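J.: no sequence on this one, just coordinates:
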């Protein structure tokens, strides 16, 4: 009997009907908001720095240093909504909006968003979408980092680089994602939840003690 109830709850949890209008609205807002933040930073800050920095041999390291911004929506969204698939949807949507904004990276930014979302999603899935604390958030950030690096390797964007350079790039990217997507996302969401801004979502139903875990 207990097993049947658990299975029914799981089915409802994964069912698309579990996504209410407020969830769709929040996912859309997060996707659009982060796309609007990322697009100008990439095109008007990072790309010019990379162009100038190329003269000094720093290549595209600035992208690794700022990478936490690119994965933030895929980690923040699931922490607030606490439903399966949110990381993938939000990550993909953030990339898709940038495609429509005529991103320099074209449709590849959409694939990047999806893959980073999958990396973050795995962390929440490991805990069966029941544990949302520092461990989960940092693991989600780590997963997004690894996924992005695997995709870059698959796209042959890292070929020709020495092991030392690869290690430096991975460490810089990991630190950026852990701090921005992991730490900042949790602190931001917890602060909004305690202020009552997110009371319509699962995070808003969590006690203040649990938010500080």
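T.: That came in fine, so what should we check first? All values reported here derive from a predicted model rather than from experimental measurement.
J.: Okay, now the unreliable bits of the protein?
T.: For the chain, applying pLDDT under 70 flags the ranges 1-17, 56-57, 207-213.
J.: Now do the helices in it.
T.: 2-14, 21-41, 47-53, 61-65, 67-81, 86-100, 108-126, 134-154, 163-177, 185-194, 208-211 (DSSP state H).
J.: separation between the residue most central in space within the chain and residue 98?
T.: By C-alpha atoms, centre = their mean, the chain has its centre lying nearest to residue 74, at 2.5 Å. Distance from residue 74 to residue 98, counting by C-beta to C-beta, to the nearest Å: 14 Å. The way it works is simple: take the backbone N, C-alpha and C, and place the C-beta from them, glycine included.
J.: which residues are in contact with both of these two?
T.: Counting by C-beta atoms under 8 Å, 6 or more residues apart in numbering, the contacts common to residue 74 and residue 98 are residue 113.
J.: coming back round to it: just list the residues touching the residue nearest to the centre of the chain, thanks.
T.: Taking C-beta under 8 Å, 6+ apart, we find residue 74 in contact with 87-88, 90-91, 94, 113, 116-117, 119-121, 140, 144, 181.
J.: again, only this time at 6 Å
T.: 87, 90, 91, 116, 117, 120, 144 (C-beta atoms under 6 Å, 6 or more residues apart in numbering).
J.: Okay, the nearest residue to it once chain neighbours are set aside and residue 206: tell me how far apart.
T.: Closest residue to residue 74 apart from its sequence neighbours, by C-beta to C-beta, 6 or more residues apart in numbering: residue 91 at 3.5 Å. Using C-beta to C-beta, one obtains 23 Å as the distance from residue 91 to residue 206.
J.: what about these two, which has more around it?
T.: Between residue 91 and residue 206, residue 91 has the larger neighbour count (other C-beta atoms under 10 Å), namely 34 against 17.
J.: Was I right to think that one contacts residue 118?
T.: No - Residue 91 lies out of contact with residue 118 (C-beta atoms under 6 Å); the separation is 7.7 Å.
J.: Can you report phi and psi for residue 157?
T.: Per-residue torsions, residue 157: phi -90, psi -10 (degrees, to the nearest 10).
J.: Make 385 the starting number, not 1.
T.: Renumbered: residue one is now 385, and that last one reads residue 541.
J.: Distance check, it against residue 531.
T.: Applying C-beta to C-beta, the value for residue 541 to residue 531 is 14 Å.
J.: And those two? Which one has more around it.
T.: Comparing residue 541 with residue 531 by other C-beta under 10 Å, the one with more neighbours is residue 531, at 23 against 12.
J.: The nearest residue to that one once chain neighbours are set aside: neighbour count?
T.: Distances taken as C-beta to C-beta, 6+ apart place residue 503 nearest to residue 531, at 2.7 Å, with adjacent residues excluded. Counted with other C-beta under 10 Å, residues neighbouring residue 503 total 28.
J.: Show the contacting residues for residue 503.
T.: If you count contacts by C-beta under 6 Å, 6+ apart, residue 503 has them with 527, 528, 530, 531.
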